[in-house]
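1. please work out how this folds:
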Amino acid sequence: MWDWPSFFEFLVSKQYLQGAWATIWLTAVCLVMGLAIAIVLALMRMSPNPALRYPSAFFTWLFRGIPLLVTLVIIYTGLPQFGIRLSPLAAGILGLTLNEAAYLSEIVRSGILAVPKGQYEAARALGMTPARVMRVVVFPQASRIIVPPLGNAVNGLLKTTTLLSVVAVNELLRNAQFAIQINYRVLEGLVAAAIYYLVLVSIWQLFQNYFEDRLNQSYVTKS
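-> All right, here's what the predicted structure looks like:
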């Protein structure tokens with residue numbers, strides 16, 4: 001039978017709150033690092049130089065093709081065989097960051113490609129360097145295209161952190177599992193965890209809508 005006292009105890013437990021905070025900062029760290037790598041990968045993929053284009057394409061193909069769970073296990077258990085030992089937290093962040101970078105690179109690349117080529121050529125004709133053209137002309141326009149799918153990627157990343165429990169990272173799901181082991185109320189504990197994820201996703205959705213509205217208003221004003 002459903003046990004309401006246990007359910008409410010889970011909702012306000014310290015373990016759940018600590019796990020929720022861990023999930024938030026893990027999402028933020030992996031997003032920032034993944035996005036930084038993704039921008040580099042996208043620019044490499046668009047380069048006419050095969051020495052840059054092919055490694056980027058291979059990286060994206062590799063980490064988009066291998067399930068994240070497999071990547072995490074390989075990093076955590078496989079690297080020590082080559083003398084590289086990472087803590088569970090470091091292994092989890094590395095695997096999640098690499099996986100996220102592969103997906104975000106395609107979002108960034110599609111946003112850049114959506115900017116009319118004439119914008120780039122006109123800026124170059126004015127004497128701007130390629131780096132300045134990207135920073136001043138291309139990226140501001142591409143951001144309107146990149147932000148919506150990027151926001152959805154953050155939503156997915158927040159929930160994907162649950163896989164880090166496999167390599168013993170104490171995020172929300174793993175902390176919930178520890179709490180459940182105390183009184184064995186599995187359903188109540190998992191529903192409480194699900195509510196935490198729903199709240200986090202809903203809060204992020206509000207921020208995403210706000211950012212998109214501000215970005216669209218800024219673009220209309222400049223136009």
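2. where along the chain do the helices fall?
-> Along the chain, the stretches classed as helices by DSSP state H are 4-11, 14-45, 50-65, 68-73, 88-114, 117-125, 130-133, 139-160, 172-183, 186-222.
3. can you lay out these as a markdown table showing mean pLDDT, mean neighbour count and distance to Phe82?
-> C-beta coordinates here come from the backbone N, C-alpha and C atoms, glycine included. Output for those, formatted as a markdown table (pLDDT from 0 to 100; neighbours: other Cβ atoms under 10 Å; distance: least, Cβ to Cβ, whole Å):
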| stretch | mean pLDDT | mean neighbour count | distance to Phe82 |
| --- | --- | --- | --- |
| helix 4-11 | 94 | 16 | 41 |
| helix 14-45 | 96 | 19 | 22 |
| helix 50-65 | 96 | 14 | 18 |
| helix 68-73 | 96 | 17 | 15 |
| helix 88-114 | 95 | 21 | 13 |
| helix 117-125 | 84 | 12 | 43 |
| helix 130-133 | 84 | 13 | 36 |
| helix 139-160 | 90 | 18 | 26 |
| helix 172-183 | 94 | 19 | 27 |
| helix 186-222 | 87 | 14 | 35 |
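4. between these, which one is nearest to Val166?
-> With distances scored as Cβ to Cβ, the stretch of these nearest to Val166 is helix 68-73 (6.1 Å).
5. chain center to that closest one, what's the gap?
-> How far helix 68-73 lies from its chain's middle: 15 Å, per Cα atoms, centre = their mean, to the nearest Å.
6. render the CA-only coordinates of that helix in PDB, please.
-> Provided in PDB are the C-alpha atoms of helix 68-73 (Å, rounded to 0.1, in the frame of the first residue of the first chain):
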ATOM      1  CA  LEU A  68      26.300   7.400 -23.100                       C
ATOM      2  CA  LEU A  69      26.000   4.600 -20.600                       C
ATOM      3  CA  VAL A  70      28.600   2.600 -22.500                       C
ATOM      4  CA  THR A  71      30.900   5.600 -22.700                       C
ATOM      5  CA  LEU A  72      30.700   6.100 -19.000                       C
ATOM      6  CA  VAL A  73      31.500   2.500 -18.200                       C
END
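7. hmm, who's touching that helix?
-> In this structure, residues lying in contact with helix 68-73 by Cβ atoms under 8 Å, 6 or more residues apart in numbering are 63, 91-92, 95-96, 98-99, 160, 163-164, 166-167.
8. then stretch 125-141?
-> 43, 112, 115, 119-120, 123-124.
9. relative to Gly83, which of these is nearest.
-> Comparing those against Gly83 with Cβ to Cβ places Leu43 closest, at 32.5 Å.
10. any idea how far that closest one is from Glu100?
-> 17 Å (Cβ to Cβ, to the nearest Å).
11. repeat for Glu106
-> Separation of Glu106 from Glu100 (Cβ to Cβ): 11 Å.
12. and if you look at Met1?
-> Met1 sits at a distance of 41 Å from Glu100 (criterion: Cβ to Cβ).
13. ok, Leu187 next?
-> Distance from Leu187 to Glu100, by Cβ to Cβ: 31 Å.
14. one more: Lys117?
-> According to Cβ to Cβ, Lys117 stands 29 Å off from Glu100.
15. could you do Arg185 as well?
-> 34 Å.
16. next one: Leu26
-> In terms of Cβ to Cβ, Leu26 sits 11 Å off from Glu100.
17. Gln217 now?
-> Taking Cβ to Cβ, one finds Gln217 at 28 Å from Glu100.
18. got it, and Gly92?
-> According to Cβ to Cβ, Gly92 stands 12 Å off from Glu100.
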